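Q: pasting the structure only:
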């Protein structure tokens with residue numbers, strides 16, 4: 001099969017299949033070539049390098065965002081975007097670890113960031129706050145999702161013990177540190193981010209609900 005008989009999108013799809021089946025550490029140009037049934041050089045012709053392949057894979061994870069279907073009220077829209085992002089990452093094995101190691105400037109990634117920042121601008125936040133709050137929410141999503149995906153790879157790992165008297169605060173909060181699901185912890189953290197954003201709006205003299 002020649003290089004021109006397949007598309008770059010097909011190469012990226014094959015790489016994502018390898019990711020889902022074998023994990024991030026097994027994603028190589030050779031493995032992708034084997035998955036799609038082409039020569040190694042064919043994959044390289046389409047994506048240039050493994051680093052470029054990983055970037056395209058990362059961007060493909062954010063494909064499919066329909067901004068026209070989002071709620072109009074800023075807080076509801078931010079929640080919907082954050083949940084969509086988390087679901088998109090969870091849908092692919094090791095996706096959070098993949099994304100965390102890259103700086104991606106591709107269309108799908110930009111579309112999500114643009115929607116998030118526009119949401120914050122519509123709420124009445126200044127551009128600097130909107131841009132940095134976008135990063136804050138994204139880091140929250142990425143961090144908790146990466147932890148969740150890492151935990152799922154070792155379901156037999158023993159739970160941590162917090163009975164060491166050298167760490168009294170951990171002992172006092174031991175019943176809560178590992179309690180709850182990842183979804184519950186995510187929603188709690190997202191609520192805290194939104195509380196901070198609404199406080200920032202109030203300090204600026206805007207309505208806390210963003211005006212809706």
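A: Yep, that arrived. Predicted model, so just to flag it, every value in this text is computed and none were measured.

Q: hey, let's count contacts and neighbours off CA atoms from now on
A: Will do.

Q: residues near residue 88, how many?
A: For residue 88, the tally of surrounding residues (other C-alpha atoms under 10 Å) stands at 18.

Q: Within the helices and strands, which one has it?
A: In the assignment (DSSP states H and E), residue 88 maps to helix 74-90.

Q: In the next helix or strand after that helix, which residues are buried?
A: Once helix 74-90 ends, the next helix or strand along the chain (criterion: DSSP H and E) is helix 95-100. Under the neighbour-count criterion of 16 or more other C-alpha atoms under 10 Å, helix 95-100 has 95, 96, 97, 98, 99 buried.

Q: which residues are contacting helix 95-100?
A: Contacts with helix 95-100, where a contact means C-alpha atoms under 8 Å, 6 or more residues apart in numbering, come from 24, 54, 58, 61, 89, 90, 142, 143, 145, 146, 149.

Q: Sort out which of those are buried, if you could.
A: 24, 54, 58, 61, 89, 90, 142, 145, 146, 149.

Q: Keep only those of the residues you listed that are in helices.
A: 54, 58, 61, 89, 90, 142, 145, 146, 149 (DSSP state H).

Q: distance of the second one from residue 42?
A: Relative to residue 42, residue 58 is positioned 20 Å away (criterion: C-alpha to C-alpha, to the nearest Å).

Q: ditto for residue 68
A: Distance of residue 68 to residue 42, computed by C-alpha to C-alpha: 37 Å.

Q: ditto for residue 165
A: In terms of C-alpha to C-alpha, residue 165 sits 59 Å off from residue 42.

Q: now swap in residue 168 and tell me
A: Taking C-alpha to C-alpha, one finds residue 168 at 58 Å from residue 42.
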